[in-house]
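1. Let me see the structure of the following:
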Amino acid sequence: MKECTVLIIDDHPAMRQGLIRLMLAEPGMKVFAEAGNRMDALGKIGKGRPDMIIIDLELGDTSPSGFDLIKEMRTLLGAIPVLVFTMHDEVFFRDRAFSVGANGFVSKKGSVAELLAALHAVCQGKIYGKVQAELEGFPDPAKLSSREFEVFKLLGQGKSTKAITGILNIGEKTVESHKYNIRLKMNFSSMEELRQYAINWQCGDTK
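-> Predicted structure coming up:
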């Protein structure tokens, strides 16, 4: 079997080291490089091309979201296989990952066997972990843009408009515009309905 070189992108050093040890012991898998953020990842692919990428969705405050980085990597490297490995196991995150170009999705809450199965499948060009969302009766955050999705998550954390402007480094009018667009896309009749749904969704109480 052809050796598969993997670029690991995760902002937690301990997680990266754990993945490296796992791949070193797995026949057919080889670590291309590790990166903790966007700039680090771009520097690594500037020196060569991995066969696939494994990426977290949360990359710290100094990097864009994993969703944005997946799109950027696909732009730079073409149809490179991408496996998302994240703590988020909600169907919304799964669907959104596939919508921006991921080939596989595995939760960090799962087993090592599942992760290895996903690694081999994605490296061979297969799709792993894609499911159809059961969203009937519930608004779908997967239809939001990347920035709108960030605003939606922060609303769910109880953040005010002013707090969101500071976190995302954008103006209050821009935040209000995003909130308005989110309300329309998710078909809420008021901002209070949107806010309450976002809080419930963040807590996992919408299913």
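2. contacts and neighbour counts: CA atoms only from here.
-> Fine.
3. where in the protein is pLDDT low?
-> Where the chain drops to pLDDT under 70, the residues are 1, 61-64, 131-140, 142, 202-207.
4. Domain parsing of it, as residue ranges.
-> Here the domain assignment for the chain is 4-123, 141-202, based on automatic domain parsing.
5. In CSV: those, plus mean neighbour count and distance to residue 130.
-> Below are those laid out as CSV (neighbours: other C-alpha atoms under 10 Å; distance: least, C-alpha to C-alpha, whole Å):
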stretch, mean neighbour count, distance to residue 130
domain 4-123, 18, 7
domain 141-202, 16, 14
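6. Quick one: those as JSON lines, columns for distance to residue 129 too.
-> Listed next are these as JSON lines, based on distance: least, C-alpha to C-alpha, whole Å:
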{"stretch": "domain 4-123", "distance to residue 129": "5"}
{"stretch": "domain 141-202", "distance to residue 129": "16"}
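7. show me where this structure has strands.
-> 4-9, 29-35, 52-55, 82-86, 104-107 (DSSP state E).
8. The third one pairs with which strands?
-> Spelled out, it's strand 52-55. Strand 52-55 pairs in its sheet with strand 4-9 (parallel), strand 82-86 (parallel), by DSSP bridges.
9. can you redo these as CSV with distance to residue 190?
-> Compiled in CSV, the strands paired with strand 52-55 are given as follows (distance: least, C-alpha to C-alpha, whole Å):
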stretch, distance to residue 190
strand 4-9, 39
strand 82-86, 32
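10. quick one: the residue positioned nearest the centre of the chain and residue 70, what's the gap?
-> Closest residue to the average C-alpha location of the chain: residue 57 at 3.1 Å, with C-alpha atoms, centre = their mean. Shown here: residue 57 relative to residue 70, a distance of 9 Å by C-alpha to C-alpha, to the nearest Å.
11. any idea how far the longest helix seen in the chain is from the chain center?
-> The longest helix of the chain (DSSP state H) is helix 172-185. Between the centre of helix 172-185 and the centre of its chain there are 22 Å (C-alpha atoms, centre = their mean, to the nearest Å).
12. tell me what that helix is packed against?
-> Under the contact criterion of 3 or more C-alpha pairs under 8 Å, 6 or more residues apart in numbering; DSSP states H and E, helix 172-185 touches helix 146-156, helix 161-168, helix 191-202.
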